[in-house]
Structure formats: structure tokens, C-alpha cells
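A.B. asks: sequence first, then the predicted structure, then my questions.
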Amino acid sequence: MAWRVIDAEGQRWLVQPAAERRPNVRLWQLMLSFRRAETEEEAGTLWASYPMESSSKSSLFEAADRLSDETLREILAERLS
């Protein structure tokens, strides 16, 4: 199930947040997954990091909830260009 659904680039996109922690780093980094709604293929998934970090995954996801749809569209547009 998608966390958020946005319309961008003439298509419907399913957006899902994820938290990534790299080796030897204490903070979690916000990652966003964008997948076209019309396809179930994993190959169609675009990943984008977002400059948001936290020592707590739950705090990171709470902050992600405050991202606007317009911000998500901008991130997706950057990733598609």
C-alpha cells in the first residue's frame, strides 16, 4: 500500500518512505521510493534520498509526513531529468 499517491509528469505515482542507515553512521537517512501506479514492476521504481536525517526512525517518518505533495513532485522531477 502506498504511503502517498501523487500525479506528476502526466502519470500517477505511488510514493513510499524508507529509512536507510549506512555503516558506521548513527543517523537514519530518509529515502523515497516512487513507482508508477500502472505497473507492478520493481524495475519501474525510482529511489531518491532526501536531506533529512534522524537518530530515530519514527521521528524521521513523522517528519516525512509533513512533506507536501509539491515537494514530492519536485523530487520526482529532479530524479526523472
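C.D. replies: Structure's in. What do you need?
A.B. asks: what helix or strand is the closest residue to residue 49 other than its chain neighbours located in?
C.D. replies: Sequence neighbours aside, residue 31 is the residue nearest to residue 49 in space, at 5.6 Å (criterion: Cβ to Cβ, 6 or more residues apart in numbering). Any C-beta I mention is one placed from the backbone N, CA and C, and that applies to glycine too. Assigned by DSSP states H and E, residue 31 belongs to strand 28-36.
A.B. asks: buried residues in that strand?
C.D. replies: 28, 29, 30, 31, 32, 33, 34, 35 (16 or more other Cβ atoms under 10 Å).
A.B. asks: for the closest residue to residue 69 other than its chain neighbours, grab the count of nearby residues.
C.D. replies: In this structure, residue 69 finds its nearest non-sequential neighbour in residue 6, 5.1 Å apart by Cβ to Cβ, 6+ apart. Applying other Cβ atoms under 10 Å, we find 20 residues neighbouring residue 6.
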